[in-house]
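# Provide a 3D model corresponding to the input given below.
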Amino acid sequence: MIQINQPDITHVPKTMKIETIASTGTRAVAHSQKCINRSNLVSIKRTLPTKQGDDSKHFKVCYLNAQSCRNKTTELADLIHDSQADLVFITETWFREVGDEPLMQAMTPPGFNLHSCPRLTGAGGGLAVLYRTSLRDCVDISLERFDFLSFELCKTKIRHCNQDLTFLCVYRPPPNKKNKLSTPQFLAEFTELLDEYANLHCNLVVVGDINLHYDSQSDLNANTLKTLLPTLNLSQLVDRPTHRRGHTLDWVVVGGDVGVSDLIVQDMLISDHFVISFGFDLQKPGPARRVVTSRNMKRIDMAALKDDVRALQLDRHDLVSSYNSDLRRILDKHAPLTTRTVTDRPSAPWLTPEVSTAKQDRRRAEREWRKSALTVHRQIFTFHREAVKEMVDKNRHQFISQKIENSTSSKELFLITGQLLGKVQNKKLPNSVPLDDLPDKFGDFFAEKIEKIRVELDAAPGHPEHAPFHGAHLTGFSPVTKEQVKKIIEKAPPKSCILDPIPSELLNECLEELLPVITDIINQSLTSGQVPPSFKHAVVTPLLKKANLDINTFKNYRPVSNLPFVSKVLEKVVLAQLSEHLAKTGMVEPLQSAYRADHSTETALLKVANDLLTACDSGSVSLLALLDLSAAFDTLDHDILLARLNTTFGITGTALGWFCSYLTGRTQAVVIQNKHSEDTILKYGVPQGSVLGPVLFTMYMQPLSKVIKHHNVLYHMFADDTQLQKSAHTKQFTELVQSIESCSDSIKQWMTVNKLKMNDDKTEIMPVGKQSKLKLLSETSSLTLSDTTVTFSTKVKNLGVHLDSNLSMDAHINSLCRTAFLEMRRISQIRHLLSLDATKTLVSAFILSRLDYCNSLLAGLPDAKLDRLQRIMNNAARLVLRKRKRDHVTPLLMTLHWLPIKARITYKIATLCYRSLQDSAPSYLSSLLKPHVPTRNLRSADAGHLVVPRVKLNAFGKRAFTYTAPSIWNSLPMSVRLSTSLPSFKSSLKTHLFREYFNP
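I've put the predicted structure just below:
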């Protein structure tokens, strides 16, 4: 139980009473000269203010109504740092739900974490909680959105020193005509809140701004609360004004078992509200400590290391084990593992000695003002306060700008700016389970999730069928040369795994020495048809799917697997030979766009959109069905896959044995902070994080196309995403619905037999057509998949693009504008820290890349829609070049060498058209283009024109790829069309478009 201490709310010295003494006595003879007779003075004992508790030893909490944090980030960060608080609550942050991450980052001092609870509707409001990083595992901030309308609420639980504390941070907006709130409504809802929590949580603390004059005896509403609190064993501790205009608007309410000490109310000149701080008789949390195991790689003598590598004598009978053990031994010799306990002492490099001196001057001025309460001393304090702020801002800007300028790669630049933009999230883990037990808990959860799905699937009757193979079989893999292996390693990203005997950077340094050994390992595996056991073990890291999800719910985490580096090199060698076999035998599914060269989500969507637009142009309506699978990569059956590789794809002999060895006997372990779970045997699925896994999955899914074709339904696949589409006249819409239902049922039956689970609840169906045609279908608004009724959607998200039932692209453009402006606002908040080149890189990565994603689908849209995207680009150009809103934008685009939106769309389609004609694009796009063959022998016969089909509707037919691609291609100069290579075509095309748009 926390000891109760009498709160001391003294915050400034009170006026000291001067004692007067009346006495009689003989008058001394006056001297001839003026002087002071000190015998007439009585020494008075001075009364000093009560000394406050030692902030360095007790748990301290601060609260402030900031009245907008947006322009006070430096002052608030400085206040939190200097106050030595462990937990800080702020109301009226004015932070938005998204877009203000840079401001939050700037407001968070080193060694603190921030959690924002923004107001979801309207401006203003918002709550924030900041806590020390060392309390990370003790703090549980509720993500729950409460149903109270008259006030905002954030609940925080802390377990510290074996004590549980529940904090409720409250902000009540003043009632007005706009928000339609009332004080009786607040009193009713607030009473409900206190009734619930006062009974459930004995250690309860409520802080916040209730916008009532709690100190006023004539305020009936305040008196109602004063009457309520004692009945719930609650006490309100603030007994002095908390606002510059007087009255107690902010309060601290505690439960009967909570002891608060050293309560102080101070005007820090940050807002009209005063800062309230108080402490608990709990030990102050110390700095976080971590046990770190590392190697000093910088002190390695590379020449000596290479000599030891060259001298290796590996066991040919157990090559991989010998390779791993001997390389670890050499690494231990040159960079031994050291384990040490590190104390995290976060510091801000911009807080220089000069800043410390300025802060001392500020504190001296503050003490003088609080002592005298004179306006002149307040002005002096304000002057020093602003001087410190300017100095901190300047130093921080210089430090970060220098760090950005010194970045040597885009990766380093994105890491630095990602921290400033709030994009770098700390790895969050559940705090409801002890760390030592966490890896096993995650390992069991991931395994049980898949096992549960498989039990359900195994209960279904049926056996998979395999189509017979006709062609040359793949009986084995050819050995590779050292040059082939070297190319693969040099192209591979330098990523390491804890399973690697040496980091990949060192492997590249010693590549010439290790290349013969690695080549022997790979060839030994290929010829024997066996995958080394150490290559079949993966380490898994659980990552939270989204930052705003509950950290204590295991299903909110996804497993991220990592495999040894050399095992991935081996898989790339096998993939190259497997891909060659599939290409020779024609066994590649043409409408599968995932994990294939020259294929992408954009080419897939371009084909789907072309079919839908063409159908709409002919007066038909279509149904687009997006099917969803649950954990598809993890439930795949090994026996079915091996049988399919054999009978359908013609893989036999040693090659089939290699795949059997690759799939069976695999294990994984969850690793969290150097703590390992027990190994889990993977009985199903393809390895996550592997090179071959995704390709094997697409081969596993290939027979599905035959099932779909049987129903005469168009389809397209992207990994485990399958979409169906079929068109018909409005009079045959009922038959169209039945056809999609029948096809979907057949797909689900095939999935079940092949141990894949189709998720009917997440399947989406959308009618597509002209608005006047869709109105005729109002009687039919859903279809049935198995036992699930799926209601028609008016818009869906398909591979990252928002499509609507009229294919107007309005939903996509709205989403694009919203996201792009959000990114622009974030970058603008740190623009003063960035150089021109750094800003251009960020804008290209976060804004232009979004404008370019699948922009070929926007071809043919009205200018009014594309102008919205052009305005985004114009604002981005002004942001990069630091120009004003009204500055003419054309010279800016020319300076940056940015093509306008319409030109970028033309560039994308023309490039796809060139690739299609050069057989470097998907076959499903190439087949849509037909060369123009003149009926007579004209000079234009060699112009390389394409056939432009006739269309009926500008809103549909003229937007289809079959129309836009030939039209754009035929409009290009012949010199551009006759380019001999893709790079030269792109260069000539951009030059042509640049001249066309900027030099009319």
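
# hmm, Ser975 is touching Ser987, no?
No: the criterion here is CB atoms under 8 Å, and Ser975 misses it with Ser987 at 11.7 Å. The way it works is simple: take the backbone N, C-alpha and C, and place the C-beta from them, glycine included.

# quick one: which of those two has more around it?
Ser987 (13 against 9; other CB atoms under 10 Å).

# and the more buried one, what are its phi and psi?
Reported as degrees, to the nearest 10, the phi and psi values for Ser987 are phi -60, psi -50.

# report pLDDT for it.
What the model reports as pLDDT for Ser987 is 95.

# cool, Gln6 as well?
Gln6 is assigned a predicted lDDT (pLDDT) of 40.

# kindly report the same for Val29.
In this model, Val29 carries a pLDDT of 43.

# nearest residue to Leu591 other than its sequence neighbours?
Leaving aside its sequence neighbours, Leu591 sits nearest to His716 (CB to CB, 6 or more residues apart in numbering; 5.1 Å).

# wait, the one you found touches Val608, no?
Yes: taking contacts as CB under 8 Å, His716 lies within contact range of Val608: 5.5 Å.

# overlap in contacts of those two?
Contact criterion CB atoms under 8 Å, 6 or more residues apart in numbering; residues bridging His716 and Val608 by contacting each: Gln723.

# for stretch 816-834, list every residue counted as buried.
Neighbour-count burial for stretch 816-834 flags 816-817, 820-827, 829-831, 833-834 (criterion: 16 or more other CB atoms under 10 Å).

# of these, which belong to helices?
Counting by DSSP state H, the buried residues of stretch 816-834 place 816-817, 820-827, 829 in helices.

# need the contact list for Leu474.
577-578, 581, 649-652, 655.

# do that again at 6 Å, thanks
581, 651, 655 (CB atoms under 6 Å, 6 or more residues apart in numbering).

# how does the chain divide into domains?
58-283, 353-406, 810-898, 903-998 (automatic domain parsing).

# what about stretch 295-315, how long is it end to end?
Counting by CA to CA, to the nearest Å, you get 27 Å between the two ends of stretch 295-315.

# and stretch 762-780, by the same measure?
Chord length of stretch 762-780, first to last residue, is 20 Å (CA to CA).

# pLDDT below threshold where in the stretch 101-250 of the chain?
By pLDDT under 70, the weakly predicted segments of the stretch 101-250 of the chain are 143, 201-202.

# can you give me the pLDDT of the residue nearest to His897 when sequence neighbours are not counted?
In space, and not counting its chain neighbours, His897 is closest to Phe994: 7.5 Å by CB to CB, 6+ apart. pLDDT, Phe994: 94.

# name the element Phe994 belongs to?
helix 982-998 (DSSP states H and E).

# how distant is that helix from the center of its chain?
Taking CA atoms, centre = their mean, to the nearest Å, one finds helix 982-998 lying 36 Å from the centre of the chain it belongs to.

# what is that helix packed up against?
Helix 982-998 is packed against helix 901-917, helix 974-977, with contacts defined by 3 or more CB pairs under 6 Å, 6 or more residues apart in numbering; DSSP states H and E.

# now the helices: where do they sit in the stretch 151-300 of the chain?
183-200, 220-231 (DSSP state H, counting those that start in this stretch).

# list the buried residues for the last one?
Put plainly, it is helix 220-231. Judged by neighbour count using 16+ other CB under 10 Å, the buried positions of helix 220-231 are 221-222, 225, 228-229.

# ok, those residues vs Glu509, which is closest?
Of all the buried residues of helix 220-231, Glu509 sits closest to Leu229, with 69.4 Å by CB to CB.

# so who does that closest one touch?
Leu229 is in contact with Gln236, counting by CB under 6 Å, 6+ apart.

# likewise Cys117?
Shown in contact with Cys117 (CB under 6 Å, 6+ apart): 127, 154.

# mind checking how far it is from Ser68?
Applying CB to CB, to the nearest Å, the value for Cys117 to Ser68 is 15 Å.

# ok, back up a step: include distance to Pro542 when you put the helices of the stretch 151-300 of the chain into TSV, please.
Converted to TSV, the helices of the stretch 151-300 of the chain look like this (distance: least, CB to CB, whole Å):
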stretch	distance to Pro542
helix 183-200	31
helix 220-231	44
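
# who wins for proximity to Arg132 among those helices?
Arg132 sits nearest to helix 183-200 of all the helices of the stretch 151-300 of the chain, at 24.3 Å, using CB to CB.

# who's in contact with that closest one?
148, 150, 172, 204, 221, 224, 232, 234.

# now, of these, which are buried?
With neighbours counted using 16+ other CB under 10 Å, the contacts of helix 183-200 contain these buried positions: 148, 150, 172, 204, 221, 232, 234.

# looks like the fourth one contacts Thr166 (just checking).
Yes: judged on CB atoms under 6 Å, Leu204 makes contact with Thr166 at a distance of 5.2 Å.

# thinking again about what came up before, could you identify the most distant pair in the buried residues of stretch 816-834?
Top of the distance list for the buried residues of stretch 816-834 (CB to CB): Leu816 and Leu833, 26.6 Å.

# circling back to that earlier point, now for Ser975 and Ser987: what residues contact both?
Common contacts of Ser975 and Ser987 (CB under 6 Å, 6+ apart): none found.
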